[in-house]
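>>> okay, predicted coordinates and the sequence, questions at the end:
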Number of protein chains: 2
Amino acid sequence: MSEQETIRKTVGLSLSKDEGLINGGNTVSEDVPDEMAESLNLATVYVSDAQYNRNIFFDTSPQAVRLYLLYNHWIMQMLVYVFIITNLALALLEDPAVVPVPIWATSTIEIICLSAFTARLVHYAKVIPKEKFWKDPKNICFIFIVTLSFIDLTIYGALKAAGYFGVRWSRVLRPLLLVNVTEGRQLRRAFRSIRNALPQISYVFFLFMFSVLVFSLIALKLFGKRGLLTIDGSSYFTDYFEIVFDLYVLMTTANSPDIMMPAYNYSIFFTIFFILYIVVNTYTFMSFFLAVVYNNYKKYLKEEVRQLVKARRFKMCRAFSVLQEAWGEGGELMVSQAKWNLLVKLVKPNISIAHRELLWSVLDDQKKGHIGKLAFVQSCDLLSIQVITVRSQAHPLLNCFPFVYNSAASRFIHHMVRHRMFVYVYDAIILINAVFIGLDEENPVVSNAEWGFLALYMLEIILKLYATDPRLFFARHQFWNWFDTIIVVSALLGTIINSALKHAGGYTSRQILDIVFIFRVLRLVRLVDSIKRFRAIINTLIKIGPTILTFGQLILVVYYIFAMVGMELFKGKIQYFEPNSTRPGQEYCGNPLLKGTTFAKLNYCKNNFNNVVSSFIVLLELTVVNQWHVLTSGFTAVTHVSARIFFVLFHIVVVIIIINIFIAFILEAFLVEYTVDKSDLQTSLEKKIEELGLNVQEDGVDNGLVDAMESCDNELGPNESGKRKPSLMFKIASRRSRTVDGLLQRMFESDLHSEDFDEEEEPNINFSNPVFDSI
Amino acid sequence: MSEQETIRKTVGLSLSKDEGLINGGNTVSEDVPDEMAESLNLATVYVSDAQYNRNIFFDTSPQAVRLYLLYNHWIMQMLVYVFIITNLALALLEDPAVVPVPIWATSTIEIICLSAFTARLVHYAKVIPKEKFWKDPKNICFIFIVTLSFIDLTIYGALKAAGYFGVRWSRVLRPLLLVNVTEGRQLRRAFRSIRNALPQISYVFFLFMFSVLVFSLIALKLFGKRGLLTIDGSSYFTDYFEIVFDLYVLMTTANSPDIMMPAYNYSIFFTIFFILYIVVNTYTFMSFFLAVVYNNYKKYLKEEVRQLVKARRFKMCRAFSVLQEAWGEGGELMVSQAKWNLLVKLVKPNISIAHRELLWSVLDDQKKGHIGKLAFVQSCDLLSIQVITVRSQAHPLLNCFPFVYNSAASRFIHHMVRHRMFVYVYDAIILINAVFIGLDEENPVVSNAEWGFLALYMLEIILKLYATDPRLFFARHQFWNWFDTIIVVSALLGTIINSALKHAGGYTSRQILDIVFIFRVLRLVRLVDSIKRFRAIINTLIKIGPTILTFGQLILVVYYIFAMVGMELFKGKIQYFEPNSTRPGQEYCGNPLLKGTTFAKLNYCKNNFNNVVSSFIVLLELTVVNQWHVLTSGFTAVTHVSARIFFVLFHIVVVIIIINIFIAFILEAFLVEYTVDKSDLQTSLEKKIEELGLNVQEDGVDNGLVDAMESCDNELGPNESGKRKPSLMFKIASRRSRTVDGLLQRMFESDLHSEDFDEEEEPNINFSNPVFDSI
């Protein structure tokens, strides 16, 4: 405690009052002189830009900086996303609509959204210099999209008012706003890496298409004259362009044995042709595509991240030059601890004082009270390492009822909960529960047993809460505790509501029952946490999680564009009628052209482009690939054979390019997770924590957070042994920062370290290789 | 010329007479003293073991060495493979047979094969020390397999003779001979890397299965009570184990939209369940499998290759210690040039003297006439670099008809053939030809045009032969020239035979026509060679090619085992009848149990396990995955639902493990091809070639062999310019050695270099980091 208090005195108590509004809620308070406040604001902007990897060359005048801070305020950013999502969601209301709404309503919403985008852009234009603004392609794109949307809206409105047919073609452009908005950095990067990989991919693709064309020609010559018939009696392999399409589909394996069967039935030797085709095109070329995508993705990502790290260091240098003071005899440029503290307080308002002091003691190893440029630049990375501050507080019950909580019975409960058997017993209960869930729930024994299980689970949570400080149990990173509690409580509530409804009117809501069942089953997932190996895999998955979101956006953009085009092309062509509907044409999806087709036979009528939700589901089915030729055949039957272009294009874009990028990412992320060691900075921070004796001990090989926290819980139990632990302890939350950029930077850190310090943009910086421990 | 002659004198002319039989045809000739011949033989064995990565600890007595040489003789190795293939091919003749043959015949062949294996093993036991022999698991396996086969054969023969039912269960073991034979190193390595990756894969697999089980339970609860029906009217998602199987199939995407449609038709919200399932299990887990396999494959392969390189260097050191002599005052241990020459002559009998001298000049940079241990060890790698010796000889026609060949008309032809337009014109001809091939060949214009095209192609080859030395044109590495000539000549022959038959009896053989058509279409493939980017991709493919063969063997082993088991389980259960056959049951594959099933409806009857060829085709279809659940349903319908185990097991082994390993290999090989620079040794060799002014110039960025050879052809034309080229030129054939081991070693070379020279097994070796240029 005394350490923190000394520090508090040095820094001055004014710090605790510094709470305003800057970049997430704070500006410099009134106690600080004006010019210093301005320079601090500027430095804060640089540092937070460095932290969030923003690359905006804003004006450095105090006014512009204030505008810029407003621009980056989280409320503003959130608003932009709300408007973008609203704009995208308009597709639900516009014709062909899920919920039909008059045109004036959708148009009004769209105009509001577009106006908001324009306002945001004007704001941006005021923040950065004019020439920078007009040079940036994303701004040009943004203006272009907004303008075209306005024009399209006007034309469409006029046409509709005059009673003519109109097409809302600008809807295709909407998802591009997501890409060109200032905050869409990761998405832009993903698109850039795809664009850069395109030439390489296209060479392989053309060679692949050449191979398909040659194979098709051979197929035409081999099978065309033999008069073979397919299963539905049509002629087999007689038309060249049909063969090309069929073989393209075979490459995707979607028509795999069927397309071969007529030839195979004719002669076993013809299978050689198909085996060769599959080996060459399906296996070799598809692996080649993955290899090319992976290779290029890695290469360009590396370059992008290099640029990012460079820019970040440059920004930290700018921040340093704003705050620097000459120090000592040599007039060395340094930043004082007081200023650094103010800065950190502004950049990360929620950081605990203890954490901040810890970081400073890592930076200022020799306790000089000021740091040089190298240390200052590194502080950006240090700030982004998540550190958990563990406070060893007594259990609340110990404070309220010390006598009861320290009694022998209470100790026995503590001992029991922490025993291995406790975990095993509950694993067994879960397994038995699984069997009961599998049984028929209308059996009274089973439905009554459910109450028993619920009681057991609640008991477990209460016991754990009794044995552990609830504040630790519900700490922010305690994923499984939160998971357990939410699931069990929800299941309990659901079951109570359900049985109340049943008793009241004998009526059981199917929906509530569904939800209750799902919660019941989800309880079983906790079993995964009991097995160490599984936990490690799940941790990797959780870490990769946020990055997968970028791919989610990528997929959303591509799906949206294809859905818009698909809806214009195919809306209303295929209808789905409820099974008990009396309208005719149920067996051929309301379109006589589909009579007798496989599409109608397989009852695919609901796979249509009649609204944006069905469109997305069809596109998902196309992404999964299987039966995509049947879906395609349905849509070509109701329009024209050239509609195949749409589906083949979708296959090329989504399956060959985007899914491969997804796999490439998972592959790279996985390899990084398993091979890259923690960074130097984390090591130095951990070393410092250990040096100060404030480290939370880990309990074995698994480096998962949950482990560490659990072992910490155990040690913090009430007076188990005589030794006193320090009142504050630190733990590095995860070995890797959880942001996308953080993961990417870690990926290539080893390659980046040395070179990036050499070729710094500012001439007066001359870093050596940053071995942090030596500072 | 003079250089070579000097060298020839130094070495002694006796060299040119050294032709005997050792390790590919040669032993030391009689001119060399006996004890020296022995030590040379021993050194040769060490060096060629190092070259072929053989790890056999043979006896070093002269007798054992001779036996060992015989053991490694290519005829012996070939014979072993002939017997193995014969043994495997017996499946074609054994019941259920493609060509039925009496049991005594197959048994006799099998006994011969087994005896041959036994003889080979006895030979091996004589070569290596006893304790080594019994410690080697592959020998134990081999003995085990052979013994079991004999026992099985006896029992089966006895049972059959007595008229009982018998199962040839030992046939499952046959492909394992391929793995446990001394030469199956690469295959063993592949199996080892799979075995090592298994624990990791199994953790992910169990987690994946857990996820499938949980999803199935949710599905049961959500859909089971709703009374939904599938397309064929059966109940939907009511039986837990059926759901598990269906969802497993959904993970493979084989039943993708169909399984979802009843739920989707009921409510659009149920698609969320399936989307979530596909995202989690199909995309995330499958990428995870690939990542785990890739990661482990890479890790263990690296370790294996490290061991390999270590062993190779150790063997080279042994060879050095056999040949070493004290030299100079310091008594440094060296190997003289004469001895080295003898050694090279024995190891590589076909090496040209010029090439050998080139290698020596790289090794003995300071022209001392002897080399040290480091250089000697490196010579193994040097020898494995393929060097093309290009002799600038005059065109044979120039020798015969110098006047005609040097005439203006002749020069014009030379000029024409070498002109860019010549290539373009022929590319255009190929494209026109492609259109003609696509047209109906019964049209007389088209069939006559074929003669014209044939004439044009023949003309091209003749013109090229006229302009280029035929010996260069048909050099060993001139892939496309060979390809062209073979294809064109075959097409010509086929067309002639075909029209001869037609004119003779009006009868056209369909088979000949097929072959002629295929050759015609294959001519188009040459277009790929005209486009530089395509050529680069094809070159990469060709380089990866041999390594893919290892996977071919791997697949063969697994397929064979599954085929044998499948034949025992399912033979005769499903019958295929020719469409015009009069036997009943054609529409249900001869088995009433299949009446009305999708299997029968899709006419899959020929997909059965009734002989080894159909079994392989079914297994291939299962590997491609699409419709595998339909195939499975057919086989379960005729046997029992537990037959699914066979198909799921096959899916896990082949699709999840082996196909992923294949992709991992392609990925790694591709990345290596694109990123790894050529090794130090090749650089030093190239530098030497350049130093001597004997390099063949390349014509641009593309480093393909074909390029270089073509440019060399151009420059070697008759007296185009006045300058004389050296009469002998060298070119490094490919930047990477083409053997599997070579490629693998290049993969990890950068990591291996430093460490492996440090931890050498023999204590007296102390290599520094081998920077070859400094020798």
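Arrived safely, thanks for sending.
>>> without its sequence neighbours, what residue ends up closest to residue A:46?
Ranked by Cβ to Cβ, 6 or more residues apart in numbering or on different chains and with sequence neighbours excluded, the top spatial neighbour of residue A:46 is residue A:319, at 3.6 Å. C-beta coordinates here come from the backbone N, C-alpha and C atoms, glycine included.
>>> tell me which element the one you found falls in.
Taking DSSP states H and E as the definition, one finds residue A:319 inside helix A:286-323.
>>> who does the following helix or strand past that helix touch, helix- and strand-wise?
Once helix A:286-323 ends, the next helix or strand along the chain (criterion: DSSP H and E) is strand A:325-327. Judged by 3 or more Cβ pairs under 8 Å, 6 or more residues apart in numbering or on different chains; DSSP states H and E, strand A:325-327 is in contact with strand A:332-336.
>>> same for the strand it packs on, what does it pack against?
Judged by 3+ Cβ pairs under 8 Å, 6+ apart, strand A:332-336 is in contact with helix A:286-323, strand A:325-327, strand A:370-371.
>>> hmm, back to that, for the residue nearest to residue A:46, list the residues it contacts.
Taking Cβ atoms under 8 Å, 6 or more residues apart in numbering or on different chains as the criterion, residue A:319 is in contact with A:42, A:43, A:44, A:46, A:47, A:50, A:343, A:376.
>>> mind doing that once more with 7 Å?
Going by Cβ atoms under 7 Å, 6 or more residues apart in numbering or on different chains, residue A:319 touches A:43, A:46, A:47.
>>> what's the pLDDT at residue A:580?
Predicted confidence (pLDDT) at residue A:580: the value is 76.
>>> quick one: the spatially most central residue of chain A from chain B, how far?
The structure's chain A has its C-alpha centroid closest to residue A:549; by Cα atoms, centre = their mean the separation is 2.3 Å. As defined by Cβ to the nearest Cβ, to the nearest Å, residue A:549 lies at a distance of 12 Å from chain B.
>>> for ChimeraX, what selects the buried ones among the contacts of residue A:319?
The following ChimeraX line selects those of those that are buried, judged by 16 or more other Cβ atoms under 10 Å in any protein chain shown:
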select /A:43,46,47
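>>> what is the nearest of the contacts of residue A:319 to chain B?
Within the contacts of residue A:319, the smallest distance to chain B is 35.5 Å, found for residue A:47 (Cβ to the nearest Cβ).
>>> what does the helix or strand hosting that closest one rub up against?
Per DSSP H and E, residue A:47 falls inside helix A:34-52. By Cβ under 7 Å, 6+ apart, the surrounding residues in contact with helix A:34-52 are A:22-23, A:27-28, A:32, A:56, A:60, A:62, A:65, A:68-69, A:312, A:315-316, A:318-319, A:322-323, A:342-343, A:346-347, A:380, A:383-384.
>>> downstream of it, the next helix or strand is which one?
Once helix A:34-52 ends, the next helix or strand along the chain (criterion: DSSP H and E) is helix A:62-71.
>>> list the buried ones in that following helix?
Counting neighbours by 16+ other Cβ under 10 Å, one finds that the buried residues in helix A:62-71 are A:64, A:65, A:66, A:67, A:68, A:69, A:71.
>>> what is it packed up against?
Packing contacts for helix A:62-71, counted by 3 or more Cβ pairs under 7 Å, 6 or more residues apart in numbering or on different chains; DSSP states H and E, involve helix A:34-52, helix A:103-127.
>>> again, only this time at 10 Å
Applying 3 or more Cβ pairs under 10 Å, 6 or more residues apart in numbering or on different chains; DSSP states H and E, one finds that helix A:62-71 contacts helix A:34-52, helix A:74-89, helix A:103-127.
>>> centre of the chain versus it, how much separation?
Centre-to-centre, helix A:62-71 and its host chain are 29 Å apart (Cα atoms, centre = their mean, to the nearest Å).
>>> stretch A:190-203 now?
For stretch A:190-203, the distance from its own C-alpha centre to the chain's C-alpha centre is 22 Å (Cα atoms, centre = their mean).
>>> how about it, does it reach chain B?
Yes: counting by Cβ under 10 Å from any Cβ of the partner chain, chain B has neighbours in stretch A:190-203: A:199, A:200, A:202, A:203.
>>> and those, which of them are in helices?
Of the positions in the residues of stretch A:190-203 next to chain B, A:199, A:200, A:202, A:203 sit in helices, assigned by DSSP state H.
>>> can you put the helices and strands packed on strand A:332-336 in a markdown table and add mean pLDDT?
Conversion of the helices and strands packed on strand A:332-336 to a markdown table gives the following (pLDDT from 0 to 100):
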| stretch | mean pLDDT |
| --- | --- |
| helix A:286-323 | 84 |
| strand A:325-327 | 79 |
| strand A:370-371 | 84 |
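>>> please work out which of these is packed deepest.
Most buried of those, by mean neighbour count (mean count of other Cβ atoms under 10 Å in any protein chain shown): strand A:370-371, with a mean of 22.
>>> contacts for that strand next, please.
Where contact means Cβ atoms under 10 Å, 6 or more residues apart in numbering or on different chains, the residues beyond strand A:370-371 that reach it are A:320, A:324-325, A:327-328, A:332-340, A:360, A:363-365, A:376-379, A:775.
>>> of those, keep whichever come out buried.
Among those, those scoring as buried are A:320, A:324, A:327, A:333-337, A:339-340, A:360, A:363-364, A:376-379, A:775 (criterion: 16+ other Cβ under 10 Å).
>>> where does the stretch 551-700 of chain A dip in pLDDT?
A:673-683, A:693-700 (pLDDT under 70).
>>> ignore what I typed, I meant the stretch 351-500 of chain A.
Within the stretch 351-500 of chain A, the segments meeting pLDDT under 70 span A:390-393.
>>> could you pull out the strands for it?
Using DSSP state E, counting those that start in this stretch, the strands found in the stretch 351-500 of chain A span residues A:370-371, A:387-391.
>>> please apply the same query to the stretch 601-750 of chain A.
Going by DSSP E, counting those that start in this stretch, the stretch 601-750 of chain A shows strands at A:728-732.
>>> what does it put close to chain B?
Within the stretch 601-750 of chain A, the positions adjacent to chain B are A:601-607, A:611, A:613-614, A:616-618, A:620-628, A:630-631, A:659, A:662-671, A:673-675 by Cβ under 10 Å from any Cβ.
>>> so of the residues you listed, which ones are in helices?
A:601, A:613-614, A:616-618, A:620-624, A:628, A:630-631, A:659, A:662-671, A:673-675.
>>> re earlier: just the buried residues of helix A:62-71 now: which is nearest chain B?
residue A:71 (34.8 Å).
>>> just the pLDDT for the closest one.
Reading off the confidence values, residue A:71 has pLDDT 89.
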